[in-house]
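Undergrad: when you get a sec, could you give me coordinates for this:
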Amino acid sequence: MRLISSKVATEDRSIDFALRPRRLSEFIGQEKIKDNLKIAILAAKGRGEPLDHVILYGSPGLGKTTLGYIIAAEMGVEIKVSSGPAIERTGDLAAILTNLHEGDILFIDEIHRLNHTIEEKLYPAMEDFVFDIFLGKGPSARNLRLNLPHFTLIGATTRLALLSPPLRDRFGVPYHLDFYDEVAIQAILERSATILKVKAEKEGLVPIAQRARGTPRVANRLLKRIRDYAQVMAEGIITKEVALEGLSKLEIDSVGLDDIDHRVLHTIIDKFDGGPVGLDTIAASINEDADTIMDVYEPYLLQLGFLERTPRGRVAARLAYEHLGLPYNRSPRVLDARQSQPGLWTQKED
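TA: Prediction:
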């Protein structure tokens, strides 16, 4: 796995759990979401009711699972955690729902990956708190309706558009988690350094925050790697110079791009004259999956303004040329074959 990947790594799980804030007051960043959640939680507790169903969406590593645990702690209830791919059969969902208690929270990660049958079974559970089971087959089949305790479903997804409209509409309010600014990331690093007992100067955390891609999970992973470098090479103290040396060894540039990010940009610029070029073509050129490029690499490149999505494909922006130290001397391109012979092109161009 890439060091700057925002997906959780197996070896990081125990430390990530230790670094996870437990209350809204400890959660850094996402101020609008925190304010809205605080009001919703206080209102629900005041009425003695469960919280409305919540959908959290955004890029990996921004705190969706953490917020799920925080909501449960603030409501004073238990939380059961599962994921869309793990719930394969109707019986799996029935077992989970019937083991909930009044007011409990069911957190489903990657909820967009629920299969259609399971999704339809969720509709009456979310609206009427009932679950229908069909016993037998054919004319003798009968329906058994189970009453469920009033619970709150929290869904987390990186692909809100992949949720079917009927499921999406059953959630009270969608909360979109944005990338964090550098100030928030530095505050998260200071908190993490204290918990991990890492000796770090404030200036030493600045280069890490600048390269964390606006993602707390990436920031904490980089902190741990620089901690190791400082322990071996600099008497265990993270100074600005030590941080810069360590990040250079890890081949992470000044804005948090690694070798794969550079390959994506160089492919568009060097092989395809800066674009436009289709997603599948980029994927084939760097031997990577198209969905991985769209979900993992592109969001940050788009946020930096290095990449543009157009109806005809991806285009490298002027800022990408400047960052890579390349001259921006693009001239009007010859008529694209896709314009002159559109019927010959079936390539995906999201």
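
Undergrad: what ranges do the helices span in the stretch 251-350 of the chain?
TA: 259-266, 279-286, 290-292, 298-304, 318-324, 337-340 (DSSP state H, counting those that start in this stretch).

Undergrad: by mean pLDDT, show me the worst of those helices.
TA: Mean pLDDT is lowest for helix 337-340 among those, at a mean of 42.

Undergrad: quick one: Ile55 is in a strand?
TA: Yes. Assessed with DSSP: H, G, I helix; E, B strand; the rest coil, Ile55 lies in a strand.

Undergrad: which SSE is Tyr175 in?
TA: strand 173-176 (DSSP states H and E).

Undergrad: now tabulate the helices of the stretch 251-350 of the chain in a markdown table and tack on mean neighbour count and distance to Phe179.
TA: Glycine gets a C-beta too; all of them are placed from N, C-alpha and C. As requested, those are exported to a markdown table (neighbours: other CB atoms under 10 Å; distance: least, CB to CB, whole Å):
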| stretch | mean neighbour count | distance to Phe179 |
| --- | --- | --- |
| helix 259-266 | 18 | 15 |
| helix 279-286 | 18 | 22 |
| helix 290-292 | 13 | 19 |
| helix 298-304 | 19 | 6 |
| helix 318-324 | 17 | 16 |
| helix 337-340 | 11 | 32 |
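
Undergrad: so the residue most central in space within the chain, which of the three states?
TA: Closest to where the C-alpha atoms of the chain average out (CA atoms, centre = their mean) is Pro60, at 1.7 Å. With three-state DSSP as the basis, Pro60 sits in coil.

Undergrad: from Arg211, how far out is it?
TA: 17 Å (CB to CB, to the nearest Å).

Undergrad: still on that earlier bit, compare the helices of the stretch 251-350 of the chain and give me the one nearest Met75.
TA: helix 298-304 (30.9 Å; CB to CB).

Undergrad: which residue ranges make up the domains of this structure?
TA: For the chain, the structural domains run 30-176, 182-249, 259-344, going by automatic domain parsing.

Undergrad: still on that earlier bit, where's the residue nearest to the centre of the chain relative to Ile28, distance?
TA: 18 Å.

Undergrad: re earlier: report pLDDT for the residue nearest to the centre of the chain.
TA: Value for Pro60, per-residue pLDDT: 85.

Undergrad: my guess is it contacts Val218, does it?
TA: No. At 9.6 Å, Pro60 does not count as touching Val218 under the criterion of CB atoms under 8 Å.

Undergrad: roughly how far does the residue nearest to the centre of the chain sit from Ile293?
TA: According to CB to CB, Pro60 stands 15 Å off from Ile293.

Undergrad: quick check: next helix or strand after the helix or strand hosting Pro207?
TA: Taking DSSP H and E as the criterion, Pro207 maps to helix 202-210. Scanning forward in sequence from helix 202-210 by DSSP H and E, the next helix or strand is helix 216-233.
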